[in-house]
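[1] Need coordinates for the below:
(2 chains)
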Number of protein chains: 2
Amino acid sequence: MNAIGVDVGGTKIAAGVVTPEGEVLKKVRRPTAHSPEHLLEGIVGAIEEVRDGFEVEGVCLGVPGTVLSAENKVIFSPNLHSIEDIPLKDELGKRTGLHVTVENDANAAAWGEFKFGAGSEVGHLIFITLGTGVGGGVITNGVLLRGAQGAGGELGHVTIQATGPRCNCGNHGCLEALASGTAIQRRAREVASEQPGSALGKLAADRKVLGEDVSELAWQGDEAAVSILEETGRWLGVGLAGFVNVFNPEIIAVGGGVAEAGDLILASVRREIYLRSRSPGRDLVQIREATLGAASGVLGAAALARGPSGEYVFG
Amino acid sequence: MNAIGVDVGGTKIAAGVVTPEGEVLKKVRRPTAHSPEHLLEGIVGAIEEVRDGFEVEGVCLGVPGTVLSAENKVIFSPNLHSIEDIPLKDELGKRTGLHVTVENDANAAAWGEFKFGAGSEVGHLIFITLGTGVGGGVITNGVLLRGAQGAGGELGHVTIQATGPRCNCGNHGCLEALASGTAIQRRAREVASEQPGSALGKLAADRKVLGEDVSELAWQGDEAAVSILEETGRWLGVGLAGFVNVFNPEIIAVGGGVAEAGDLILASVRREIYLRSRSPGRDLVQIREATLGAASGVLGAAALARGPSGEYVFG
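    Model (predicted):
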């Protein structure tokens, strides 16, 4: 039976009807409204629009922020505060007549890569998404790691340098504080002022440097930009090396906008993991780019949808 | 049905016949021999001695070091190298006629605390053991985290300060390098030379200061010793805060010799976790002393023993 996955973001809502084989039969996209009632109407509208004409057994929403999946509740979503006040399962269930569950968006994306993407042939996968922040999800022995309240899997918020820069979460030296798009921008400002003659330095004199700029300049061969991505990769490798020792995964799939820099980052990631983690886990693990791109959110959410019995629709 | 748990250490082998309720019907202890054949004979002897007169369905060995539990194989055991060459499952199976499995000792101890000790009423437990090194194990949703090869759960080897001191594993800034008995001894030497007038400084002028000395002096009120345990607790808290965000556990149980310092360490651990981890996980988690002491090894191993069907003897 099919399921609907909904990827609720700060700027857009994407929804799709997905088959158990991961085929998207129909999808829609609409901008995110930010009052609770309009947001709710927007989600209902997206669900109703895609479901039209298809048999569907359940819906799952992937939502950014702190999600208590055990209670289908979003308790903190910095870019989507109004969602914190909506009893999603009950309201959406009432309005659509479907069984509704709620998950963290990165956990859903991890599940998508596990079912249909970079980790589809293994049982032990870590997914990490590098965007403005760092999110992630863990599948161990074929099961999504959620923890007691369903708030687990926050891979971006482990301390890798206790004396490091402050993180948005209030901690210092989180993986997110050192290896995110935000960290790249901060480092770009520093490097631009240290090396004003570099292509990066010249761009910075002109306008604000974005994460994408650093990747583009690095691909063009600008040493200053290359060094920033290598440093980012080293920090990411520090964090992932710990996850290799803790989770002994077969694959670590790296997704998100920053991952588009590809081997400019991943080469340092691999080297750092090799230096810092232990045999035999470090010899087993493969570091790969995620394969589903932005579709992982909808696909993974659909694959986490449950029917009225509480079982996953896709089994 | 009963099972036998064997805790194989660098200096002694402990074995016990355990009931599914965690009662130890009989136990033995003998010194560890270090040639492969004598070591094997010692383990067989311990098993035969305890099993005498009891019905037993399986045996599990908890062994320190890197254990591929998926293959019942010890590939690296720094204090017990000879065990690396023994095909434990086959040899012990042949000599005892019992079904034999092999697990990492800290994972076994974690399972013991989960089944019979500090975590017996929850489904999500982290166990950490502070001795010369730092070991640990994770139970999430009632399942022991092993990873693809069974080498997972190495909680002592996550980087919490990338620029920190070198760890025995070759990495820099591991939790073990900053919050183990070894780290306490190193810090004690530094503090003793900075504060020669402290009780710690005076002891150090006399003889080598051990981890136990630091705890004892701290209980007697020596500020220098207290500061070392507080610092150890802070570093431990840095690591555990990350585990709170990743695993969202209900309980973190702290065991091992260093944990006998109790609140002299755990108070700083709790404060640091509160500062560094996120709601709601940080509000849920309880940091407790482990309750089984040295018995967790035998109890946990017994509870991980499997019968000929491959199922846990204790279900």
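[2] For whichever residue of the stretch 201-315 of chain A sits closest to chain B, grab the count of nearby residues.
    Of all residues in the stretch 201-315 of chain A, A:N248 sits closest to chain B, at 2.4 Å by CB to the nearest CB. Backbone N, C-alpha and C define where each C-beta goes, glycine included. For A:N248, the count of nearby residues is 29 (other CB atoms under 10 Å in any protein chain shown).
[3] ok, now A:E121?
    Neighbour number of A:E121 under other CB under 10 Å is 9.
[4] Please apply the same query to the one 3 residues further on.
    Neighbour count of A:H124, defined by other CB under 10 Å: 25.
[5] didn't it look like it was pressed against B:A148?
    Yes. The pair A:H124 / B:A148 is scored as a contact, 4.3 Å apart, by CB atoms under 8 Å.
[6] between these two, what contacts are shared?
    Counting by CB atoms under 8 Å, 6 or more residues apart in numbering or on different chains, the residues touching both A:H124 and B:A148 are A:N248, A:P249, A:E250.
[7] Enumerate every residue touching the second one.
    Looking back up the chat, that one is A:P249. By CB under 8 Å, 6+ apart, the contact set of A:P249 is A:V122, A:H124, A:L125, A:I126, A:V138, A:T140, A:F243, A:G281, A:V285, B:G147, B:A148.
[8] A strand includes it, no?
    No. Using DSSP: H, G, I helix; E, B strand; the rest coil, the assignment for A:P249 is coil, not a strand.
[9] Looking at it now. What's its pLDDT?
    At A:P249, the model reports a pLDDT of 98.
[10] what are the ranges of the helices in chain A?
    A:36-51, A:88-96, A:105-116, A:175-179, A:181-194, A:199-206, A:211-219, A:223-247, A:263-276, A:281-284, A:296-304 (DSSP state H).
[11] and of those, who's closest to B:L88?
    helix A:281-284 (20.5 Å; CB to CB).
[12] Tell me which residues are up against that closest one.
    A:241, A:244-245, A:248-250, A:273-274, B:147-149, B:151-152, B:154.
[13] Distance from it to the middle of the chain?
    When C-alpha coordinates are averaged (CA atoms, centre = their mean, to the nearest Å), helix A:281-284 and its chain have centres 24 Å apart.
[14] Now do the contacts for the residue in the stretch 1-150 of chain A that chain B sits nearest to.
    Per CB to the nearest CB, A:G147 is where the stretch 1-150 of chain A lies closest to chain B, at 2.4 Å. By CB under 8 Å, 6+ apart, A:G147 lies in contact with A:G153, B:H124, B:T140, B:F247, B:N248, B:P249, B:G281.
[15] The second one is in contact with B:N141, isn't it?
    The one in question is B:H124. Yes. B:H124 lies in contact with B:N141 (CB under 8 Å); the separation is 6.7 Å.
[16] quick one: low-confidence parts of the stretch 101-250 of chain A?
    Along the stretch 101-250 of chain A, no part satisfies pLDDT under 70.
[17] now the contacts of A:P249 in TSV, with distance to B:G181?
    Shown next, in TSV, are those (distance: CB to CB, whole Å):
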residue	distance to B:G181
A:V122	37
A:H124	31
A:L125	35
A:I126	31
A:V138	30
A:T140	30
A:F243	25
A:G281	25
A:V285	30
B:G147	26
B:A148	30
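[18] ok, the contacts of helix A:281-284 vs B:R189, which is closest?
    Nearest to B:R189 among these is B:E154, at 26.9 Å by CB to CB.
[19] Find the residue closest to the closest one in space, skipping its chain neighbours.
    Nearest residue to B:E154, sequence neighbours excluded (CB to CB, 6 or more residues apart in numbering or on different chains): A:N245, at 4.0 Å.
[20] Measure how buried the one you found is and give me the count.
    If we define neighbours as other CB under 10 Å, then A:N245 has 27 of them.
[21] who touches A:G307 in this structure?
    Here A:G307 is in contact with A:M1, A:E57, A:G58, A:H99, A:V313 (criterion: CB under 8 Å, 6+ apart).
[22] Which of the residues you listed has the largest number of neighbours?
    Result: A:G58 is most packed of those (other CB under 10 Å), 25 neighbours.
[23] Could you check how far the closest residue to that one other than its chain neighbours is from A:G135?
    In space, and not counting its chain neighbours, A:G58 is closest to A:A305: 3.7 Å by CB to CB, 6+ apart. To A:G135, A:A305 is 20 Å away according to CB to CB, to the nearest Å.
[24] One more: A:A109?
    8 Å.
[25] the more surrounded of those two?
    A:A109 (34 against 27).
[26] Quick check: residues of the stretch 201-315 of chain A near chain B?
    Applying CB under 8 Å from any CB of the partner chain, we find that the stretch 201-315 of chain A lies next to chain B at A:235, A:238-239, A:241-243, A:245-250, A:275-281, A:284.
[27] Please pick the buried ones from those residues.
    Among these, those buried by neighbour count (16 or more other CB atoms under 10 Å in any protein chain shown) are A:235, A:238-239, A:241-243, A:245-250, A:276-278, A:280-281, A:284.
[28] For the stretch 51-200 of chain A, what lies in contact range of chain B?
    A:66, A:68, A:75-76, A:122-124, A:138, A:140-141, A:143, A:145-155, A:157-163, A:169-173.
[29] Of those residues, which qualify as buried by neighbour count?
    Among those, those classed as buried by 16+ other CB under 10 Å are A:66, A:68, A:76, A:122-124, A:138, A:140, A:145-155, A:157-162, A:169, A:171-173.
[30] So which of these belong to strands?
    Mapping these onto strands (DSSP state E) picks out A:T66, A:L68, A:F76, A:V138, A:T140.
[31] which two from those residues end up farthest apart in space?
    Greatest spatial distance among these (CB to CB): A:F76 and A:T140, at 25.2 Å.
[32] Could you check what's spatially nearest to the residue of the stretch 1-150 of chain A closest to chain B, not counting adjacent residues?
    According to CB to CB, 6+ apart, the nearest residue to A:G147 is B:N248 (2.4 Å).
[33] And for A:C174?
    Leaving aside its sequence neighbours, A:C174 is closest to A:C167 (3.9 Å, by CB to CB, 6+ apart).
[34] Could you list the domains of chain A?
    Chain A breaks down by automatic domain parsing into domains covering A:2-110+A:295-304, A:120-291.
[35] Out of the ones you listed, which gets nearest to B:L40?
    B:L40 sits nearest to domain A:120-291 of all the domains of chain A, at 23.3 Å, using CB to CB.
[36] ok now the closest one, how far from the chain's centre?
    With CA atoms, centre = their mean as the basis, domain A:120-291 stands 12 Å off its chain's centre.
[37] now swap in stretch A:294-305 and tell me
    Distance of stretch A:294-305 from the chain centroid (CA atoms, centre = their mean) equals 11 Å.
[38] mean confidence for that stretch?
    In this model, stretch A:294-305 carries a mean pLDDT of 97.
[39] Distance of the residue of chain A most remote from its centre relative to A:A295?
    No residue in chain A sits farther from the centre than A:G197, which is 35.3 Å out by CA atoms, centre = their mean. In this view, A:G197 and A:A295 are 41 Å apart by CB to CB.
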